[in-house]
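*Asks:* one predicted model, sequence on top.
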Amino acid sequence: MAALAGLLLGSSPSLAQDVETARFVVSPDVVAADLPPLTATIDAFGNGARLSSTGGFEPTVFRTLLRVTKTAQDQVITSQADLTGYDSWREGAFDGADVEVLRIENGRFVSVRRDRVRDGGHRATGWIPQLGGKVLSGRTGSVSLSWEGWNRLGVPYYYTVRAVNWRGRLSPPAEAIAVTAPAEPGKASTPETIDRPKLSDTPGRLSAPTRLQAMMQPDQTLRLGWDAVPGARGYVVYRSDVPPDQHRGYGLDLEGSGPEIRAGDMVILRQRFLAPKRDEVLTNRVWSAHGAIRLFRPDLLKGFADDQGQASWALEEHPAETTVEAPGETYLTATLFRDRPLEIGLYNHSGTAQSWYEVLDPSRTYRFEVWLRGDPGVQARFAIKGPLRDAPGQPVNLPVTAEWRKHVVEFRVPRIFDGEQAGWMGLVLGGTGEVSIDNFRIYRTDAPYLAWLPEDHEALVTSGMGQLRTHGFIKTMQRTYDLAQLTNPAGGISTAKGNTLPQTLAGMASVGMDPWLQIEPHLAPEEWLGLVEFLAAPFGPGDDPATKPWAAKRASQGQVAPYTDLFDHIRFEIGNETWNRLFRPWVFEDMTDAATGEQYSRGEVYGLYQEYVLSILRSSPYWPALEPHLQPVLGGWAISDYGFAAARRSPSSPLVTNAAYNGGWDEGEGPVAPSPSGFASILGFPVQVAARRSQSDASNRDATAEGRGEPLEIGTYEAGPGYALNGLNNQRVTKEQAALQEEAMKSSAAGTATLDTFLMQARHGFRVQNYFTFGRGPYWTSHATWENGGQPYPAWQWLTVLNNGGKGLGDMLKVDPVGVPRRDLPEMSQREALEDAPMVDIYPLLQGERLLLVVLSRLVPDVPTGTAGVTDVTILLPFKTSSSMVRFTMSGDYTTSNVDGPRVLFRQNTMKQNDHLSQLRIENLEPGSAQIYLIEVNL
């Protein structure tokens, strides 16, 4: 090595006795070659996504996953909980639904039957255990019960009681009684219960309880009483919406005949609703519960088509020659009477004292659009209700004509609202007659509807991210989409805040990034084939839309060339965290091979299903055009073998990813505080957790690749600062704790730790890494909202430097730490203790003759007590540098946060030097800080 010269790169001064030293030798050996750009996840996005919700008035698409519990010929027999959503979906709601039966045979999924539920074939009536299925103490012969405000009131409910013996065997039910729910129910006290044995209907010796009686109490609670049963250990109370002579059990009777449906089969049920009525889809238990209502009703309406006191409505199909722009499939039609007005809108804005709703900017102009037609007696107006109802010109009357007409209202708000009251915007319809409505939209005027806002477009282009992962299309639960809606123009979908595939792909193309498509696993085989055609099939003047309907649809939207001509790479991920039961029903469970009897774990079932879907894609005539661009992704679980088990069963999937959050609920850690110990936990995560897990994943990768005979890569599908949420994983987080957590996780220290984590994982073999999420607001976001300054948070800002304008990170070089400060890191939640952890690190990234040198500190002052956390760093390079370099730093110290203003400022300065150097000395590297040097080198 040539003689070394030194360059002193000083930070703020510190006492000499407080300064520790670190020395590194960089080798030309490559430990991770040609690292691609980082990626990011996006939620439903675009101008007006939060202001408009879904205003295209498309059919409600309901899909769910069932597991067969008993073999039958032409019936799907499944659990009461699955078929009713835990007593939420009324019998008959799924008459006419499409049913697909899937089975594992000889190590692969097969679709063994497609059928429909016959008229009257959806059976969902029986006795539902009350009190969460708890067993009442045998010492009592009575219990107090009550109704909730969201239950259906003023109608009869039916009750019975069964005794339980010590083995869990249930007696016959008592003779049922009916009780009408009061209009204003009270609240019953919690009864005494016992540890629940495993309940069984196996006949025992217990007789049925007798003399069951119901007594309404003065406080409007219900008291049930019965005679004690000799030998009973306890009692279970049951309730039903219908009398027992009308009970039909739980199952789906099918129209056709075909192969028997076996216990253990997986069933996907698919249904659509145009004009759902409350008493046709909801049980009494959830009659007024918002979470249940939203599964069936269009977002912008208050009630159902048959609700008393409001206009009746339905969705009707557009004719082919409609004049409505971007019409989708259907529009809303309503019948108005003078005493039955109709409001169509949503609560979509509030003030700076909250973070759930958007805060309207008085310097911006907003636009309301809607298409209307109707009878002469119909009146319509656009109105704002709530704290900004005094917006100039409000309300605005809209003339209703006999033919379709597009109405546009532009408006501004008079001030920034500083409270937390929510405000409503929408269409108020009155008078008498028929009226039709479509394409309800509210958005800013400085960008097209559901396109990137200018500030987001600029931030993404600047970031250099390689791909964007489409989180808006998953976590749909049962309220979801079909391929027709997914491929509609912007807004033509009943979920995802109006995001569709064409709108999303156009947004990605506009910022020069490739798509990472997340799509729910419930598409039918013909829909998977249609997706391939939509993405990859050419469509020219001589092509027939009847033979290429999906390619023709794409071309009619203005995208004539296939999307495979637009994007080099398309990652494809089925669902989201398919191990995580928070996202039911789209999760996988253990299954048994019906032909061989082999048992498959949840992860293996996931892998087999992935192969099943890929086999459908490969059967498309347009697969050769898609295959070179498509990279199937498996989403694993960092603390289990789930993803690698899937990879063993899906040799066609070249990438397994896990989540890698720093702290938060994913790590089982409570809300972190901006304290010395809190910052120490944040900064210690990369070396204490990320290093170990990434090394373990690399070992699993190698073993899995060898076992399946196909190469495998590893990475992250989500990563970044983690957060604890109140109620999630049974954690309790106060408002004060949440505010402190925001300060800590949007601090300079969190930025350093995120940079460290991504690079640590790359060092140990992670090829693909994804930041969760690009967006604005609290928790898992990259930027502050406009009212809080709009600035990027430090974690995002550091990662964008690595991407080199989308060219990637380059080759990571080997580093030998000759001597660095070390600390013992204590055990914490899921973290194992780590002795002698290195607390200063460097990551050299070489791309051609461009060296990006990352230098960072994991130290925190006074952890342990009496240490300053300041380090002098010496770095020996294997080549000489040019006479200048660019240094990137951040203002403030490690505690400074960007949570509510641009306090951490990104700084870059060019540094001149007098000689070509192969040694760098950095004096006084501050605790919890990072510095990046961009250096031209002479190889």
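*Replies:* Good, I have the coordinates. Just so it is clear, the model here is predicted, and its values are computed rather than measured. Residues are numbered from 1 along each chain as shown.

*Asks:* now stretch 456-472: buried residues?
*Replies:* Neighbour-count burial for stretch 456-472, counted by 16 or more other Cβ atoms under 10 Å, picks out 456, 459-461, 463-472. C-beta coordinates here come from the backbone N, C-alpha and C atoms, glycine included.

*Asks:* so of those residues, which ones are in strands?
*Replies:* Secondary structure defined by DSSP state E assigns Q467, L468, R469, T470 of the buried residues of stretch 456-472 to strands.

*Asks:* quick check: the second one touching I42?
*Replies:* Yes - using Cβ atoms under 8 Å as the test, L468 is close enough to I42 to be in contact (5.1 Å).

*Asks:* give the residues shared as contacts by the two.
*Replies:* Both L468 and I42 are contacted by F774, under the criterion Cβ atoms under 8 Å, 6 or more residues apart in numbering.

*Asks:* for N662, give the beta-bridge partners.
*Replies:* Beta bridges link N662 to P721 when assigned by DSSP bridges.

*Asks:* from the ones in strands among the buried residues of stretch 456-472, pick the one nearest H569.
*Replies:* Among these, Q467 lies closest to H569 (Cβ to Cβ), at 7.0 Å.

*Asks:* what segments of the stretch 751-900 of the chain are helices?
*Replies:* In the stretch 751-900 of the chain, the helices defined using DSSP state H, counting those that start in this stretch lie at 794-802.

*Asks:* what ranges do the strands span in it?
*Replies:* Assignment of strands within the stretch 751-900 of the chain using DSSP state E, counting those that start in this stretch yields the ranges 766-768, 770-774, 810-819, 822-825, 834-838, 840-847, 850-857, 870-876, 880-890.

*Asks:* redo these as TSV? Include mean pLDDT, mean neighbour count and distance to A536.
*Replies:* Compiled in TSV, the strands of the stretch 751-900 of the chain are given as follows (pLDDT from 0 to 100; neighbours: other Cβ atoms under 10 Å; distance: least, Cβ to Cβ, whole Å):
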stretch	mean pLDDT	mean neighbour count	distance to A536
strand 766-768	98	24	22
strand 770-774	99	24	24
strand 810-819	98	16	31
strand 822-825	98	17	50
strand 834-838	98	14	48
strand 840-847	98	23	32
strand 850-857	98	23	36
strand 870-876	98	21	48
strand 880-890	90	17	41
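
*Asks:* nearest to S436, of these?
*Replies:* Closest among the strands of the stretch 751-900 of the chain, using Cβ to Cβ: strand 770-774, at 37.2 Å.

*Asks:* that closest one versus helix 794-802: what angle between them?
*Replies:* 120 degrees (axes from the mean of the first three to the mean of the last three Cα atoms, to 10 degrees).

*Asks:* and the pLDDT at L939?
*Replies:* Confidence at L939, expressed as pLDDT, is 83.

*Asks:* right, and it touches F879 too?
*Replies:* Yes - using Cβ under 8 Å, L939 is in contact with F879, at 5.6 Å.

*Asks:* who has more neighbours out of these two?
*Replies:* Each of L939 and F879 has its neighbours counted (other Cβ atoms under 10 Å); F879 has more, 17 against 10.

*Asks:* ok, now which ones touch that one?
*Replies:* Each residue near F879 by Cβ under 8 Å, 6+ apart is listed here: P28, S918, V937, N938, L939.

*Asks:* which non-adjacent residue is nearest the fourth one?
*Replies:* Leaving aside its chain neighbours, N938 sits nearest to K880 (4.9 Å; criterion: Cβ to Cβ, 6 or more residues apart in numbering).
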